[in-house]
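Trainee: My questions concern the predicted model and sequence given below.
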Protein chains: 2
Amino acid sequence: MRAYTKQDFPVGDIRRFLEPGPIVMISSAHRGARTIMTCGWHMVMEMEPSRVGCYVWEENRSRALIRRSRECVINIPTADMLDTVIDVGNHHGDEFDKFEHFGLTPTPGAKVKAPLIAECFASFECKVIDTSLVNRYSLFVFEVVRAHVATSPRYPATVHYRGNGVFMLSGRNVNRRARFKPENLN
Amino acid sequence: MRAYTKQDFPVGDIRRFLEPGPIVMISSAHRGARTIMTCGWHMVMEMEPSRVGCYVWEENRSRALIRRSRECVINIPTADMLDTVIDVGNHHGDEFDKFEHFGLTPTPGAKVKAPLIAECFASFECKVIDTSLVNRYSLFVFEVVRAHVATSPRYPATVHYRGNGVFMLSGRNVNRRARFKPENLN
C-alpha cells in the first residue's frame, strides 16, 4: 500500500467516485479513541449541498464515535488494498487500534478531527447533519465539507461488495455525454 | 434488448446485485398512470427485513406515483441497455408512456401493482415503509417484498454512473470468502 498525493476536490462532484458504489472505509475519532469501519451501504443524497447517507450498525464501535463527535471521514480504498479492506471489516474496533494494526496512516483533515487514511485514493470529510433515523434504521445523513482526491490515476480500480465474500471489481469507463440532454449533465 | 427468464430469489440476498451500486430503473404506477425513472442514488439498509433507501427527486413524476401507491419496483438493467437507460433518464414522465416509447415490456408483479420491466435481469418488488425524510431529503425507505432474478447469466455486466455522462461498467468478480471470519459471511 502506498500513500496517495491528493488535492482538494469540489465537494459537489464526489458522486464521480461514490455513486458507482465502492466499498468505503469510514474513519472516526472521539476523545482519544479512533477506529475504522468498512461500509458498502451508502448513497449520494444531494450535490449542493453535498450529502451522503450511510448505514452504521449499532454493533460498530464507529457508531458511538461518529454520533458523539458528529463527524467522520469517508475514504475510498483501491483494489490493491482488498485484503486490508476485508481485515478491517473482520475485526471489531475494541480489539486494537486499526490504523496501527493494519499499517494505515492517519493524516489530519482540514475541517474535522477524524483522521483521513493516507493509503486511500479519496477522502471525504463529513459532518453529521441528521440522526433522526439512526435508532430505527441505523441511517446517518452526512454533509461532505471537504474532499481530497488523488491527482492520479483518474479512475483507480475500486472494490464493490456482493456479500458472502464475493467482490466485484470496477471495470472500464464509457463516456456517453453526447447522448444526454445538455441540461441533464452534471 | 431481450426479456430475461427470471425466478424467485430470496429477498434477504438482493445485496448481491444492489450493493455493488448499479444504476437501476424504478417503475411505478397509480390509478392508470405509470412511469419509469433511472436512479443511482440508492443503498441497501438491512437484509432481514430486506430494506432499501432511495432518493426520488421532487421533479420526478415517479415521486407522486410512488408516494400515492406506496409501492414500486427496482429493476436492474444490463450494460447492453445503456442507451435505453440514458434515454429513460433524459425524458420526463409527462412526455409519453416510457414503456411504449422505449419498447420496454411491463410484466405483472406478485405483491405490488407496479409493473416489472421484463428486459431487466433483476426486479425487486417494493413497499414504501417510511416517508419521514421525503420532504427534507427526498429519501424513501422501501421494504423488498419479492425478488425476481434472471436464471442466467449469474453476474451480467451492469452500469454504474459517475455523473456528467460517464459510466463505469462492472468488472470481474473475485471470491475472497476464505479470508473472512465465518461469522461475518452473509
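Mentor: Looks like it came in fine.

Trainee: can you pull the buried residues of stretch A:17-34?
Mentor: If you call a residue buried by 16 or more other C-beta atoms under 10 Å in any protein chain shown, then stretch A:17-34 has these buried ones: A:17-30, A:34. No exception for glycine: its C-beta is placed from N, CA and C like everyone else's.

Trainee: what about it, near chain B?
Mentor: Yes: shown here: stretch A:17-34 in contact with chain B (C-beta under 8 Å from any C-beta of the partner chain) through A:17, A:19, A:20, A:21, A:22.

Trainee: how about residue A:77, what does it touch?
Mentor: Residue A:77 makes contact with A:22, A:23, A:24, A:25, A:84, A:85, A:117, A:119, A:120, A:121, A:158, A:159, according to C-beta atoms under 8 Å, 6 or more residues apart in numbering or on different chains.

Trainee: And it, how far from residue B:11?
Mentor: Distance, residue A:77 to residue B:11, using C-beta to C-beta, to the nearest Å: 29 Å.

Trainee: Look through chain A and state the residue closest to chain B.
Mentor: Residue of chain A nearest chain B, by C-beta to the nearest C-beta: residue A:21 (1.3 Å).

Trainee: which SS state does that residue fall under?
Mentor: Secondary structure assignment for residue A:21 (DSSP: H, G, I helix; E, B strand; the rest coil): coil.

Trainee: and it, what pLDDT?
Mentor: With respect to pLDDT, residue A:21 scores 98.

Trainee: Could you do the one 5 residues further on as well?
Mentor: Residue A:26 is assigned 98 on the pLDDT scale.

Trainee: name the helices or strands packed onto the helix or strand harbouring it?
Mentor: Using DSSP states H and E, residue A:26 sits in strand A:24-30. For strand A:24-30, the packing partners by 3 or more C-beta pairs under 8 Å, 6 or more residues apart in numbering or on different chains; DSSP states H and E come out as strand A:33-39, helix A:61-69, strand A:71-76, strand A:116-117.

Trainee: got a list of what residue A:144 touches?
Mentor: By C-beta under 8 Å, 6+ apart, the contact set of residue A:144 is A:11, A:14, A:50, A:51, A:52, A:74, A:124, A:125, A:126.

Trainee: Neighbour-wise, which one of those residues leads?
Mentor: residue A:126 (31 neighbours; other C-beta atoms under 10 Å in any protein chain shown).

Trainee: still on that earlier bit, widest-spaced pair of the buried residues of stretch A:17-34?
Mentor: Taking every pair in those and measuring C-beta to C-beta, the maximum separation is 30.3 Å, between A:20 and A:30.

Trainee: Just the helices from chain A, written as ranges.
Mentor: With DSSP state H as the criterion, chain A has helices at A:15-18, A:61-69, A:82-89, A:98-102, A:134-137.

Trainee: Most tightly packed of those helices?
Mentor: helix A:15-18 (a mean of 22; mean count of other C-beta atoms under 10 Å in any protein chain shown).

Trainee: Kindly reformat the contacts of residue A:144 as CSV containing pLDDT and distance to residue B:139.
Mentor: Formatted as CSV, the contacts of residue A:144 follow (pLDDT from 0 to 100; distance: C-beta to C-beta, whole Å):
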residue, pLDDT, distance to residue B:139
A:11, 98, 19
A:14, 98, 18
A:50, 98, 15
A:51, 98, 10
A:52, 98, 12
A:74, 98, 18
A:124, 98, 19
A:125, 98, 22
A:126, 98, 17
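
Trainee: Could the C-alpha coordinates of the longest strand that chain A contains be exported in PDB?
Mentor: The single longest strand within chain A, with elements called by DSSP state E, is strand A:139-150. Only the C-alpha atoms of strand A:139-150 are listed here, as PDB (Å, rounded to 0.1, in the frame of the first residue of the first chain):
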ATOM      1  CA  LEU A 139     -29.100   5.700   8.900                       C
ATOM      2  CA  PHE A 140     -26.800   8.700   9.300                       C
ATOM      3  CA  VAL A 141     -27.000  11.700   7.000                       C
ATOM      4  CA  PHE A 142     -23.700  13.500   6.400                       C
ATOM      5  CA  GLU A 143     -22.700  16.700   4.700                       C
ATOM      6  CA  VAL A 144     -19.300  16.400   2.900                       C
ATOM      7  CA  VAL A 145     -17.500  19.600   3.900                       C
ATOM      8  CA  ARG A 146     -14.100  19.000   2.200                       C
ATOM      9  CA  ALA A 147     -12.900  16.400  -0.300                       C
ATOM     10  CA  HIS A 148      -9.400  15.200  -1.200                       C
ATOM     11  CA  VAL A 149      -8.700  13.100  -4.300                       C
ATOM     12  CA  ALA A 150      -5.500  11.600  -5.700                       C
END
